[in-house]
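Visitor: with the input below, show me the fold.
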Amino acid sequence: FAGNKTAQGNTDANGIGDFYYAPPAGYLALCTANLPDPVAAIDPALDANPQDHFNTVLYTGTGSAATVDVGFQPDWTWFKHRSGANSHQLYDVIRGSNLALFSNNTDGDFDYSQHPAGDLSPSFTSNGFQTPAVVNNGLNASGQTYVAWNWKAGGTAVANTDGTIASQVSANTKAGFSIATYNGSSAGTVGHGLSSTPELVIQKVRNQNGDYWWTGTTVIDGSMDYFQLNATAAKADSSYAVPTSSVFSNVTFTGATSNVAYCFHSVEGFSKFGSYTGNGNSDGAFVYTGFRPAYVMVKRTSTTSNWAIFDTARGTYNSNTPELQPNTSAAEASVTGRIDLLSNGFKLTSSLFPNDSGVDFIYMAFAEMPFKYANAR
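Guide: Residues are numbered from 1 along each chain as shown. The predicted model follows:
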């Protein structure tokens, strides 16, 4: 009060503040200490950080074997050549680090350990991964730049019989992420190993080429809508049942005998899956996630578009401009001011994609830091 009053030692219900008047019951001082704690399992105050479960790393290829530190042993690693046009390469702990899938095409498992040029496959280590000793242009060509997005699942897979189709599952229930492999082209359900219902399930046939990446989500209207991760197509309505807290529906393809699924649900302070509507303005839509995002992937729902990935490792300040597209092999592009990654979500900063006027989008986001401990960029 400009020196006209002396604080009287009054605090809020949490013992915070030095107010002249007693704060009204139920009201708290505006400060970060009064923000809610994130889920205890991923709380930096308890020495548990988001980077223990998801981490983006950048590296430069050497043309030979090199060890890259992730901070944990990854169970799913998604590689992309940034400085050149090579396919995205995806590896996981159940299929093995020799078997690649490519998000930008419909190929099944490709065994890089049997490549005519030699063993071109990476390997998982206790704290990251090792690039192959032989040049794999999508992983370690000398002088080329790369990004690897890494997720921690549950390590070695365990048998799961929750569904009508038996599965092998590696699940991280703290982080809401699991990998499931299973056999069969018939209709049925598959156990995912999570403790809550998945909001996003990405399924891919492994044993044959030509079957697209079926990406089903309930975040739009509660029903199961699907997209193709390898294509630009808008959403399509699905006749498959929505997942439950224990199973998801097997998406059937003729001749499919081997399948993999990646399952996700939101975890407070760590991950968020949702939708928003663009406003076509440089003062664009704001999406609250409850954390400072480290990674955001977006896609139009009602019209065609590329998928787009933004992250704080490649884009170190706002606006975040380096874009990679999961459905294309294109090198990294620097788009003009499209998105700001903030302390508690992200804000669109252009009239262009991904903020087209009146257009709906889906997104998946993973945290760099829970809001309670986050600084703005």
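Visitor: where does the stretch 1-150 of the chain dip in pLDDT?
Guide: Within the stretch 1-150 of the chain, no range satisfies pLDDT under 70.
Visitor: what about the strands in the stretch 101-250 of the chain?
Guide: 110-111, 123-125, 128-130, 145-151, 158-160, 167-172, 177-182, 189-191, 200-205, 214-217, 225-228, 236-237, 247-249 (DSSP state E, counting those that start in this stretch).
Visitor: please tell me how far the residue lying closest to residue 317 once chain neighbours are set aside sits from residue 343.
Guide: Residue nearest to residue 317 in three dimensions, not counting chain neighbours: residue 377, with 6.4 Å by C-beta to C-beta, 6 or more residues apart in numbering. All C-beta spots, glycine's among them, are computed from the backbone N, C-alpha and C. Residue 377 sits 8 Å away from residue 343, going by C-beta to C-beta, to the nearest Å.
Visitor: mutual contacts of these two, please.
Guide: Counting by C-beta atoms under 8 Å, 6 or more residues apart in numbering, the common neighbours of residue 377 and residue 343 are residue 292.
Visitor: picking up where we left off before, can you redo the strands of the stretch 101-250 of the chain as TSV with mean neighbour count and distance to residue 363?
Guide: TSV is the format used below for those (neighbours: other C-beta atoms under 10 Å; distance: least, C-beta to C-beta, whole Å):
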stretch	mean neighbour count	distance to residue 363
strand 110-111	15	29
strand 123-125	17	28
strand 128-130	20	27
strand 145-151	22	15
strand 158-160	14	29
strand 167-172	24	21
strand 177-182	26	16
strand 189-191	24	25
strand 200-205	25	10
strand 214-217	24	10
strand 225-228	21	12
strand 236-237	10	19
strand 247-249	24	20
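Visitor: now render these as JSON lines, adding distance to residue 360.
Guide: Formatted as JSON lines, the strands of the stretch 101-250 of the chain follow (distance: least, C-beta to C-beta, whole Å):
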{"stretch": "strand 110-111", "distance to residue 360": "34"}
{"stretch": "strand 123-125", "distance to residue 360": "37"}
{"stretch": "strand 128-130", "distance to residue 360": "36"}
{"stretch": "strand 145-151", "distance to residue 360": "25"}
{"stretch": "strand 158-160", "distance to residue 360": "34"}
{"stretch": "strand 167-172", "distance to residue 360": "30"}
{"stretch": "strand 177-182", "distance to residue 360": "25"}
{"stretch": "strand 189-191", "distance to residue 360": "29"}
{"stretch": "strand 200-205", "distance to residue 360": "16"}
{"stretch": "strand 214-217", "distance to residue 360": "12"}
{"stretch": "strand 225-228", "distance to residue 360": "11"}
{"stretch": "strand 236-237", "distance to residue 360": "14"}
{"stretch": "strand 247-249", "distance to residue 360": "23"}
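Visitor: residue 285 is nearest to which of those?
Guide: strand 214-217 (18.7 Å; C-beta to C-beta).
Visitor: ok, that closest one: who's next to it in the sheet?
Guide: The strands beside strand 214-217 in its sheet (DSSP bridges) come out as strand 200-205 (antiparallel), strand 225-228 (antiparallel).
Visitor: reformat these as CSV; add mean pLDDT.
Guide: Below are the strands paired with strand 214-217 laid out as CSV (pLDDT from 0 to 100):
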stretch, mean pLDDT
strand 200-205, 98
strand 225-228, 98
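Visitor: just send those strands back as TSV, with distance to residue 365 too.
Guide: Formatted as TSV, the strands paired with strand 214-217 follow (distance: least, C-beta to C-beta, whole Å):
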stretch	distance to residue 365
strand 200-205	11
strand 225-228	17
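Visitor: to residue 132, which of those lies closest?
Guide: That would be strand 200-205 among the strands paired with strand 214-217, by C-beta to C-beta, at 22.5 Å.
Visitor: next up, the contacts around residue 294.
Guide: Contacts of residue 294 (C-beta under 8 Å, 6+ apart): 50, 51, 54, 55, 56, 311, 312, 313, 366, 367, 368.
Visitor: turn these into TSV, including secondary structure and neighbour count.
Guide: Below are the contacts of residue 294 laid out as TSV (DSSP: H, G, I helix; E, B strand; the rest coil; neighbours: other C-beta atoms under 10 Å):
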residue	secondary structure	neighbour count
50	helix	25
51	helix	20
54	strand	27
55	strand	24
56	strand	20
311	strand	23
312	coil	18
313	coil	16
366	strand	27
367	strand	28
368	strand	23
